[in-house]
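Visitor: what's the 3D shape of this:
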Amino acid sequence: MRPRSVALVTRDPALYAELAAVLRERRIPAVSLVPGERIPDRAAAVLTTPEEAPQIHHPNVVPVPPEGDRTALWAVVQASLSAAGAGELILGIDPGPRPGFAVLLGDARIAEGNVETPEEVVRLGHQLQRAFAGRSVRIRVGSGDRPSRDRILNALHGAHQRIELVNEAGTTPRGRRRPRDAMAAAAIARTEGRPVSGRIPVSITPGDIANLQRLSREHSGGQLTISRSAADRVLRGELTISEAIAGRRPAREEPAPAPAPRRQRSREPS
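Guide: Prediction:
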């Protein structure tokens, strides 16, 4: 049986170059066509521009805007390829300065990664809701990293989505941070939590600041530790951890100028 594939159908050279490169990188079987050419039966989804979409006859046409985050797009593609049509759409979040996320559709994991700030979770939830029209999105947030967790829950307050707080005990695997984020987020997505409503006051403890400083060493490859004041600003959402680290990058050392020759004082005649 031939594998399901994606059809890239467009005359737009910029969009074609972008999407073709990502399809190759992700090793997704694809066929390149222009509008009007026959689309193979094995094509599970068709990627095209919003302008060309009305010209294409296929049950799963995915219009791709010229700019913007592509997380929801690749979640739709992965769902199409895996035939994960049934089941609930769940967004699992592992809190942190750059929260990890995993998207489940039924039993299939269709997207994972990190967002830049806790508040970015709201945008990701809205993108998924638009991309998977007609489906509601359940968002499950892990209970760890309290300042980030509370910022996420407060940002989600008022969103028309079901929000749950999940006990993170046993969901965080050992290993390096970034792969661990997505794995923990997937475990959180699969764990039932308790419904959350209302805002939560965000408080920051010395332990939260020390933990953020530890993460800054991890994110910078052990090169530096951000200051306590910068850590406090990151935890309050005034800076991202990447911005705080960039602000502390040691400047290139320039060679010290040679000292000026000492001038001898002339002797006054006695």
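Visitor: which residues in the stretch 1-150 of the chain form strands?
Guide: 5-9, 30-33, 43-48, 61-63, 89-94, 100-105, 108-114, 137-142 (DSSP state E, counting those that start in this stretch).
Visitor: identify each buried residue in the shortest one, please.
Guide: By neighbour count, and taking 16 or more other Cβ atoms under 10 Å as the criterion, the buried residues in strand 61-63 are 61-62. Placement of C-beta: from N, CA and C, glycine included.
Visitor: show me what it is packed up against.
Guide: Judged by 3 or more Cβ pairs under 8 Å, 6 or more residues apart in numbering; DSSP states H and E, the packing partners of strand 61-63 are strand 43-48, helix 71-82.
Visitor: give me the contacts around the lowest-mean-pLDDT helix or strand in the chain.
Guide: Least confident element among the helices and strands of the chain, by mean pLDDT, DSSP states H and E: helix 177-189 (a mean of 81). Outside helix 177-189, the residues within contact range by Cβ atoms under 8 Å, 6 or more residues apart in numbering are 90-94, 96, 98-104, 109, 112-114, 140-142, 166, 168, 170-175, 215, 218-219.
Visitor: what pLDDT is listed against the residue lying closest to residue 16 once chain neighbours are set aside?
Guide: The shortest distance from residue 16 to any residue other than its chain neighbours is 5.5 Å, reached at residue 10 (Cβ to Cβ, 6 or more residues apart in numbering). Residue 10 carries a pLDDT value of 97.
Visitor: same deal with residue 212?
Guide: 88.
Visitor: residue 231 and residue 150: what is the separation?
Guide: Distance, residue 231 to residue 150, by Cβ to Cβ, to the nearest Å: 16 Å.
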